[in-house]
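1. Predicted coordinates and the sequence they were generated for:
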Amino acid sequence: MLALGLLVLRLVIGLTVAAHGAQKLFGWWGGPGMTGWVGAMNRMRIRPAAPWAWLSALAELVGGLAFAVGLLNPLPSLAIAGSMLVAIALVHWPRGFWSTKGGYEFNLSILAAITAIALAGPGAYSLDAALGIHLPEPATLIVGTILLLVGVGVALGTRSPQPASEPKPQTT
């Protein structure tokens, strides 16, 4: 039953995060698409906006899909954690806990779930189990967490003092 529980957790969390990445990358389900997402990164003062926008969107899409199928644990958890931590720091923290007010409740729930899988492993119903993949423990998680924190620090450290001005549409 434990393996089934881990599968359910991985599928729900992984596919939800992947869907958020697809919103950013492709504009699906009412998402901004890459043009809108780069603009959002500009408004958050992340510089340079385009590479960070691509990195975060791909971390959610690819990380979410790999998490859902249980591939290369704990790397997908670390990819997702980077996006969640930056989102909490830049957008949700000032709004408090509850998601109804734009707070970090949802992001914290995602962080808890991905941390649980990173620590417990993806379970018997995973591609890691099917392919016999076992990344070195705990070295992968420790080194990955250090790299994650450095990456989040660099992303937050690239913020400019003011938002970039949005290009004005040309009129003819």
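-> Looks like it arrived, so ask away.
2. need the next SSE after the lengthiest helix in the chain, C-terminal direction.
-> In the chain, taking DSSP state H as the definition, the longest helix is helix 2-26. For helix 2-26, the succeeding helix or strand toward the C-terminus, using DSSP states H and E, is helix 33-43.
3. re the thing from before, residues making contact with the longest helix of the chain?
-> Identification of contacts with helix 2-26 by C-beta atoms under 8 Å, 6 or more residues apart in numbering yields 28-34, 37, 53, 56-70, 76, 80, 83, 110, 113-114, 116-117, 120-126. Every C-beta, even on glycine, is put in place using the N, C-alpha and C of the backbone.
4. Quick one, which of these are buried?
-> 31-32, 34, 37, 53, 56-57, 59-70, 76, 80, 83, 110, 113-114, 117, 121-123, 125-126 (16 or more other C-beta atoms under 10 Å).
5. Helices - which of these land there?
-> 34, 37, 53, 56-57, 59-69, 76, 80, 83, 110, 113-114, 117.
6. Where does the prediction get shaky in this protein?
-> Flagging of the chain using pLDDT under 70 yields the residue ranges 162-172.
7. Try it again at 80.
-> The chain contains residues with pLDDT under 80 at 161-172.
8. Give me the distance from stretch 4-22 to the chain's centre.
-> Averaging C-alpha positions (C-alpha atoms, centre = their mean, to the nearest Å) puts stretch 4-22 12 Å from its chain's average.
9. List the buried residues of it.
-> Applying 16+ other C-beta under 10 Å to stretch 4-22 flags 6-7, 9-10, 13-18, 20-22 as buried.
10. Buried by neighbour count: which residues of stretch 88-100 qualify?
-> Buried-residue list, stretch 88-100, by 16+ other C-beta under 10 Å: 88, 89, 90, 92.
11. Kindly export it (C-alpha atoms) in CSV.
-> Taking C-alpha atoms only, stretch 88-100 is exported to CSV below (Å, rounded to 0.1, in the frame of the first residue of the first chain):
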residue,chain,number,x,y,z
ILE,A,88,7.4,32.2,-2.2
ALA,A,89,10.2,34.7,-1.8
LEU,A,90,9.2,37.1,-4.6
VAL,A,91,5.4,36.7,-4.8
HIS,A,92,3.7,34.9,-2.0
TRP,A,93,5.6,35.6,1.3
PRO,A,94,4.4,39.2,1.6
ARG,A,95,0.8,38.1,1.2
GLY,A,96,0.8,35.8,4.2
PHE,A,97,0.0,32.1,4.5
TRP,A,98,-3.4,31.6,2.9
SER,A,99,-3.6,31.1,-0.8
THR,A,100,-7.0,32.9,-0.9
